[in-house]
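Enquirer: Show me the folded form of this:
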Amino acid sequence: MYGLSTFPAAFYEHVSQHLLSCNYVRCESDPCSFWRRQGEDFLLTVVHVDDFVVATSSNELLDEFISDMDRVYVASVTPDAQHFFCMQYSDGMAA
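Expert: Here you go, the predicted structure:
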């Protein structure tokens, strides 16, 4: 499927519909960003082709996000991402 030029758009549409059905909200200013609030806690995810970056204030919301994705997709989780869009970020700690 990766060789198909239509794969990214088709996958985004499928993921988008799935996230919306799981009560995530699509960001109006960035359609690749979805968020969900639960009380004081917040989860934000950004979709890039078939990768997701997730930021959250709650381990419970993270577990729910992973569970929501696992219901439809085979996913692997990298809890300590160091790169995104080929840019390295630093958390201020020396390596």
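Enquirer: Make sure residue 52 is indeed in a strand.
Expert: Yes - judged by DSSP: H, G, I helix; E, B strand; the rest coil, residue 52 forms part of a strand.
Enquirer: and the nearest residue to it once chain neighbours are set aside, what element?
Expert: What sits nearest to residue 52 in space, not counting adjacent residues and going by CB to CB, 6 or more residues apart in numbering, is residue 45, at 5.2 Å. Yep, even glycine has a C-beta here, placed from its N, CA and C like the rest. If you go by DSSP states H and E, residue 45 is part of strand 41-48.
Enquirer: helices and strands around that strand, which ones?
Expert: Using 3 or more CB pairs under 8 Å, 6 or more residues apart in numbering; DSSP states H and E as the contact test, the elements touching strand 41-48 are helix 7-21, strand 33-38, strand 51-56, helix 59-70.
Enquirer: let's see it at 7 Å
Expert: strand 33-38, strand 51-56, helix 59-70 (3 or more CB pairs under 7 Å, 6 or more residues apart in numbering; DSSP states H and E).
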